[in-house]
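Visitor: The following comprises the amino acid sequence and a computationally predicted model.
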Amino acid sequence: MQYKLTAKPIIAYAARCEREGLAFVMTAGHGNDPFFMQLSTIEGILLAAPTACKGFIFPEVARDETPAFRYAVLSHIKPVCDLCLKHGNRKVFLRAKFLFWAADCYSDMWSWMLADKKYKDVIVPDYAKQDEIPGVEKLLITDGEVWYDEQGGRHSAADYARCVEETLRAASNQLFARIRGDVAWTATRIDPSHVRLVLIDSGYLDPADRVAEVTVNADVVAAVDILRGERLDVHNNHFTAAVPMGTLRVIDIEHR
């Protein structure tokens with residue numbers, strides 16, 4: 001990556017956003033290059049845009065616990081969090097994918113900071129992939145304080161709640177299935193008439209027996225637990241599946 005801007009034009013850009021009332025968040029580093037900007041530049045942005053700058057993003061923070069990245073967490077990411085705390089609880093979006101928020105965040109390198117109540121209003125867990133659903137065009141945008149419509153208008157959470165709920169409900173109707181219950185799940189298409197549904201006890205720290213309510217947006221022919229060889233009862237394209245503590249169920253759904 002080439003770095004073409006010095007601190008001065010970056011801070012000037014933040015100041016212009018402040019004058020024009022343009023809210024923004026800015027990338028402050030990356031998992032492959034955490035030291036994207038100096039701390040002095042980041043503080044300069046916070047000072048130049050006290051209302052427009054909503055915070056900073058660190059993408060791809062799911063890195064191995066190497067001494068080099070541990071140094072980056074201690075000497076850069078944490079100080080950025082401290083600066084955001086100092087300047088009005090701006091946000092630090094830690095963007096990661098794969099199993100980071102289910103496993104890596106509990107490691108020694110991260111847990112001491114993520115569990116510190118000092119940062120509860122600063123650090124925002126962020127997942128790298130967007131929930132792109134075919135047939136759903138509306139984009140929901142929030143900076144953690146207000147919601148923005150597609151024209152850039154600002155709305156309070158109370159005023160925009162109904163719009164968010166209706167959008168998510170419409171999106172859920174485009175999914176192959178809707179799953180309710182305290183479970184984690186994935187759905188993978190096997191062939192044109194079969195989808196494999198994996199239901200997992202979501203209690204990483206508090207494992208327990210779970211129950212999943214599954215509603216399929218298709219005509220279900222059969223739902224079979226392939227590990228148990230058990231056929232589940234399906235009524236009106238809906239079925240219930242118990243997920244034992246600390247385990248998972250793999251269910252193949254045949255549909256028309």
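Guide: Thanks, I have the structure now.

Visitor: mind checking the end-to-end distance for stretch 140-160?
Guide: 10 Å (CA to CA, to the nearest Å).

Visitor: Would you map the strands across the stretch 101-250 of the chain?
Guide: Using DSSP state E, counting those that start in this stretch, the strands found in the stretch 101-250 of the chain span residues 123-127, 141-142, 147-148, 154-155, 177-180, 183-191, 194-201, 210-216, 220-225, 230-231, 238-243, 248-255.

Visitor: Of these, which shows the lowest average pLDDT?
Guide: For the strands of the stretch 101-250 of the chain, the weakest mean pLDDT is recorded on strand 141-142, namely a mean of 76.

Visitor: quick revisit: present the strands of the stretch 101-250 of the chain as a markdown table; the columns should include mean neighbour count and distance to Ala72.
Guide: The C-beta positions use only the backbone N, C-alpha and C, and glycine is treated the same way. Converted to a markdown table, the strands of the stretch 101-250 of the chain look like this (neighbours: other CB atoms under 10 Å; distance: least, CB to CB, whole Å):
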| stretch | mean neighbour count | distance to Ala72 |
| --- | --- | --- |
| strand 123-127 | 15 | 16 |
| strand 141-142 | 12 | 28 |
| strand 147-148 | 17 | 31 |
| strand 154-155 | 14 | 35 |
| strand 177-180 | 16 | 37 |
| strand 183-191 | 13 | 29 |
| strand 194-201 | 19 | 31 |
| strand 210-216 | 19 | 37 |
| strand 220-225 | 17 | 44 |
| strand 230-231 | 11 | 48 |
| strand 238-243 | 17 | 38 |
| strand 248-255 | 19 | 34 |
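
Visitor: For Ala102, which of those strands is the nearest?
Guide: strand 183-191 (7.7 Å; CB to CB).

Visitor: Tell me which residues are up against that closest one.
Guide: For strand 183-191, the external contacting residues (CB atoms under 8 Å, 6 or more residues apart in numbering) are 102, 175-177, 179, 195-202, 210, 212, 243, 252.

Visitor: and what of stretch 76-87?
Guide: Here stretch 76-87 has contacts from 28-29, 34-35, 39, 42-43, 46-47, 50, 55-56, 58, 61, 90-92, 94, 113, 118-119, 121-123, using CB under 8 Å, 6+ apart.

Visitor: if you look at the residues you listed, which of them are in strands?
Guide: Among the contacts of stretch 76-87, the members falling in strands (DSSP state E) are Gly55, Phe56, Phe58, Lys91, Val92, Leu94, Ile123.

Visitor: can you pull the contacts of the last one?
Guide: Going by CB under 8 Å, 6+ apart, Ile123 touches Cys81, Lys91, Val92, Leu94, Met113, Leu114.

Visitor: same question, the third one
Guide: When the contact criterion is CB under 8 Å, 6+ apart, the partners of Phe58 are Thr27, Ala28, Gly29, His30, Gly31, Pro34, Ile77, Val80, Val92, Phe93, Leu94, Arg95.

Visitor: would JSON lines of the residues you listed with neighbour count, distance to Tyr160 and pLDDT be doable?
Guide: Converted to JSON lines, the contacts of Phe58 look like this (neighbours: other CB atoms under 10 Å; distance: CB to CB, whole Å; pLDDT from 0 to 100):
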{"residue": "Thr27", "neighbour count": "13", "distance to Tyr160": "26", "pLDDT": "91"}
{"residue": "Ala28", "neighbour count": "25", "distance to Tyr160": "28", "pLDDT": "90"}
{"residue": "Gly29", "neighbour count": "21", "distance to Tyr160": "31", "pLDDT": "86"}
{"residue": "His30", "neighbour count": "16", "distance to Tyr160": "31", "pLDDT": "86"}
{"residue": "Gly31", "neighbour count": "16", "distance to Tyr160": "32", "pLDDT": "80"}
{"residue": "Pro34", "neighbour count": "21", "distance to Tyr160": "34", "pLDDT": "84"}
{"residue": "Ile77", "neighbour count": "23", "distance to Tyr160": "31", "pLDDT": "93"}
{"residue": "Val80", "neighbour count": "23", "distance to Tyr160": "29", "pLDDT": "96"}
{"residue": "Val92", "neighbour count": "23", "distance to Tyr160": "24", "pLDDT": "92"}
{"residue": "Phe93", "neighbour count": "19", "distance to Tyr160": "20", "pLDDT": "89"}
{"residue": "Leu94", "neighbour count": "25", "distance to Tyr160": "25", "pLDDT": "89"}
{"residue": "Arg95", "neighbour count": "20", "distance to Tyr160": "23", "pLDDT": "87"}
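
Visitor: Kind regards, and thank you for your time.
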